[in-house]
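J.: Sequence first, predicted coordinates after that:
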Amino acid sequence: MRAAASFKRWLFRLYGPEPAPIVLTQRRIFVLPTRAGLAFAATLGFMLIGAINYNLSLGYALVFLLTGLGLVTLLHTFRNLVQLEISPGRADPVFAGETALFTVLINNRRSSDRCAVHLHFSDAPAVIADLAADSTSPIGIPSPAARRGWLRPGRITLESRYPLVLVRAWSYAEPDIRCLVYPAPESSAPPLPLAACGAAGGAPGGSGLEDFSGLRSHTPSDSPKHIAWKAVAREQPLLTKQFTGTNQAEAWLDWGALPPGLDVEARLSRLTRWVLDAKSAGISYGLRLPGLEIPLGTGERHHETCLKALALHGGKES
Amino acid sequence: MAARKARTPAASLDKAQQLWLLACAFLALLPAAEHVPLWLTGVAGLALAWRVILWWQGLPLPPRWLLTFLVLAGTAGVFITYRQLFGKDPGVALLVLFMVLKLLELRSTRDALTVVLLSYFLLLTHFLETQSIGFAGLSLLALIVATAAMASLARRGGTVAAHLRLSMLMLAQAAPFMLVLFLLFPRVQGPLWGMPVDAYSGMSGLSDTMSPGSIGNLSLSGEIAFRVQFDGAIPPRQALYWRGPVLRFFDGRTWHAGVPQIMPSRELPHAVSGPAIAYTLTLEPHNKPWLFALEMPGTLPANAIITSESQMLARMPIRSRLRYALLSHPEYSLGGSNSADSFKPLLQLPDGNPKTRVLMSQWRKEAGGDEALIRRLLAHFRQESFFYTLTPPLLGEHGVDEFLFGTRRGFCEHFASAFVFAMRAAGIPARVVTGYQGGEHNPVDGYFIVRQSDAHAWAEVWLPQRGWLRVDPTAAVAPNRIETGLATAVGTGEPLPFMVRADLDWLRALRFRWEALSNSWNQWVLGYTPERQRELLSRLGMIEPDWQAMTAAMGTLCGLLLLGLMAWALRKRATRDPLLRAWERLSGKLSRIGLARHAWEGPADYAHRVAAAQPVLAKPVADIAALYIALRYGRAGSREAADRLNRMIALLKVPTRT
């Protein structure tokens, strides 16, 4: 088994993440007939017997032309993948249970299009892309994010059955890509543990009207002045702009204050929910985890710091 | 191994893909319309129309039970029509049936592939009926559409033009493989197993019987019977009697050949003398064993046999085009040394035709001898009002009497039949010989073409000491038939085959070209038999063209072609931007003194670095860089400016490194 595994590693060159750009050289492309290709070959065999039996010269010609077509298809399918260059792109963080979308940049340096290239991670569904001539296309490849922490999706399989469905060419590439997966927010968490307001006097936080701090979903009671019309123009749902002021509520989201019966993931899940709630409520919040304290704050950056801390809790930094 | 899982993105077919497959199937089915039974043509047409309507309206396909029923009903129909399910014709009918029913359940990519593969098979079966150049063109068209249909399966949403272009490109790239395989694939003479009995229906040619009208009917066909390549000059038309079946027995209406007597150990029954005519004859398949030869062959082709009546035969019916080389001698003697008794059977006559018998016995008494009697009868044909025509009146019970004394209008078989009958009635052994007379020289490729319309019947009479003599009564009535051909021998308004009419000269020229083309097609494409293959390969320098050598050559050539395609697939595009090319040329030039441009270096920085390293070059390189920057990033992009840049770079003198 070990020998087979190492043979596979050698054959497919699976040595972990590779430096960018990854060029699909001819040595990395594998080509085999598909089931359709085998049916095609079997049909040609029968036709050849027919042509011999009835002395059909044009029958020979037909069979041989189709044989040539099969061979040409091998090369065309191979050509559809060879010399592509793959560089890692960004992958926006997602919550556990969602699907992460890894963007890779695929550079087609040839003056002809590469059509119907399928890209997928080992078990995930594929995306089909047409890569235009002389250009770099960003392709988002989905991968399910099951657990919090850094998600490394492993190698990308690029495959193609273009131009005819008779042959499958494929190649593996493992760009250095990862995606941060936040813990899944608890679906029915208790309300935010709000602290007394104004304790520290002029601490920033709370929603007011001076500084823009973010967006939350629209409720009918919001003033139309605060609707994010730009977002509406981008066909997003109605959102209300939030502004920070002073003298507002604040919340300490404390690991230690949670009920003792909860396990680690449940705690992280609840804290994640509260971070999201605190942000949408526009209040100032801080996070206390074992061995880590993030002071009170607001804003997008603060929000991400908190979520990242939750995602990587327990030494999942890697 | 998860990655190896079949990952068909969406198995169902969209409308464009369905249309491609319908087009592919239609082109493959179309030629079958002629050959399958009428009911099946109707059913297939209706099913196709139904399928197109379903496609057009986007309606759901019929349920599976209905299709199952149609398969069973259709198969039963084929069985009832042919009384069997195997063999050529029922096989084609079943293929047509399955194809249209598959179209009615065309849902997934898999069904689509089945349709394409069925189309390939159908195309192959059409070659059983015709392998003409025109049909090859039609098949190529069908193949282009079938390939485009497959391309549409691999790529949804491609344009029609893109699919067609790709298909034609791929087929063009496949063509060299076809050529190599066609020439070098070791050929085997079929059939590999017993042929179905119906395999060769529909071939035309002379038969071994002759009744009034049978040769006349054959004369209406412009089809080619065989082609001849003479090694020397073409002999005069009057000498061109191509001998076929010899008919001995007469039942009052029809002449029969009877059972031929084969000469033992291929010995010739006749003696030849005088100069020989050398030629190669390419016989079209006619499903009979006759081999035709100019009277009389001095040699026999390999595998041929000959009857005691000097008719050449093959051992098997001719079912594929056959080439053989021959020597013939216009001077010969046949059967002269035999006694009259051995030809008693050739005096046999059925009852009937009393007037002819009476006339002949009267002439027998009046005439001096056999030869005088023959001359008298021929003179009678010539002087009385006998007519040579393709549309003779029908004859009744006493056919010969009615012809000689009544209608007097006939085609060659009427004259030959009446003549032989009269000879026998006069006590002279005689028989009918059928074959072809004359032919036509094609000036384009030098081949001599003999058509079914050149079919002819003449007579042979036996005279003591002289043996069998050829007498052609048609020549007495219509000498033109023998001297120039059928077209001038019959009156205007006769239903001549289009191809032999004399009045359309430009058409004739066109026809010669076309027939020369089809002849090369026949000789080199369709007639590429195992013998031809060996002959060609030896001529190309292959010393021992056995199957191992052919396979090795085939493998090598295919490997080379694949390498060529590989080079094409891996070809990197040269930079097409002329400015960039010029700029790279500068870098290349300066690399000789170790001043190649770094990949990250902009033009201005590069010029500075060059200036620092080689002060001599500071001015010219700075100028070049300035022009390059202006052309690249400014608006002044003109062809002249680019040319100037190129000139400046070309004129740049790079100092040799010291």
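T.: Yes, it's here. Numbers count the residues shown, from 1 in each chain, chains lettered A, B, ... in the order given.

J.: could you say which helix or strand contains A:Ile52?
T.: helix A:35-53 (DSSP states H and E).

J.: Which strands and helices lie in contact with that helix?
T.: helix A:57-81, helix B:109-126 (3 or more CB pairs under 8 Å, 6 or more residues apart in numbering or on different chains; DSSP states H and E). (Each C-beta comes from the backbone N, C-alpha and C, glycine too.)

J.: Now these in JSON lines, please, with extra columns for mean neighbour count.
T.: Formatted as JSON lines, those follow (neighbours: other CB atoms under 10 Å in any protein chain shown):
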{"stretch": "helix A:57-81", "mean neighbour count": "24"}
{"stretch": "helix B:109-126", "mean neighbour count": "22"}
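
J.: Out of the ones you listed, which is closest to B:Pro186?
T.: Nearest of those to B:Pro186, taken as CB to CB: helix A:57-81 at 11.4 Å.

J.: Flag every buried residue along the helix holding A:Ile52.
T.: A:Ala36, A:Gly37, A:Ala39, A:Phe40, A:Thr43, A:Leu44, A:Met47, A:Leu48, A:Gly50, A:Ala51, A:Ile52, A:Asn53 (16 or more other CB atoms under 10 Å in any protein chain shown).

J.: closest to B:Leu294 out of the helices and strands packed on helix A:35-53?
T.: Proximity to B:Leu294 (CB to CB) singles out helix A:57-81 among the helices and strands packed on helix A:35-53, at 27.9 Å.

J.: Is chain B within reach of the closest one?
T.: Yes. Counting by CB under 8 Å from any CB of the partner chain, chain B is contacted by helix A:57-81 at A:57-69, A:71-73, A:75-76, A:78-79.

J.: For the stretch 351-500 of chain B, what lies in contact range of chain A?
T.: Within the stretch 351-500 of chain B, no position is near chain A by CB under 8 Å from any CB.

J.: For the residue in chain A that chain B sits nearest to, give me its contacts.
T.: Chain A approaches chain B most closely through A:Gly68 (2.9 Å), counting by CB to the nearest CB. Applying CB atoms under 8 Å, 6 or more residues apart in numbering or on different chains to A:Gly68 gives the contacts B:Gln173, B:Ala174, B:Ala175, B:Pro176, B:Phe177, B:Met178, B:Leu181.

J.: Format the residues you listed as JSON lines; extra columns: secondary structure and neighbour count.
T.: What follows is the contacts of A:Gly68, written out as JSON lines (DSSP: H, G, I helix; E, B strand; the rest coil; neighbours: other CB atoms under 10 Å in any protein chain shown):
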{"residue": "B:Gln173", "secondary structure": "helix", "neighbour count": "20"}
{"residue": "B:Ala174", "secondary structure": "helix", "neighbour count": "24"}
{"residue": "B:Ala175", "secondary structure": "helix", "neighbour count": "15"}
{"residue": "B:Pro176", "secondary structure": "helix", "neighbour count": "17"}
{"residue": "B:Phe177", "secondary structure": "helix", "neighbour count": "24"}
{"residue": "B:Met178", "secondary structure": "helix", "neighbour count": "20"}
{"residue": "B:Leu181", "secondary structure": "helix", "neighbour count": "19"}
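
J.: where in chain B is pLDDT low?
T.: For chain B, the stretches flagged by pLDDT under 70 are B:1-11, B:190-204, B:336-337, B:340-341, B:484, B:487-504, B:508, B:573-577, B:635-638, B:657-658.

J.: Now for chain A, the helix or strand with the poorest mean pLDDT.
T.: Lowest by mean pLDDT, DSSP states H and E among the helices and strands of chain A is strand A:207-208, with a mean of 48.
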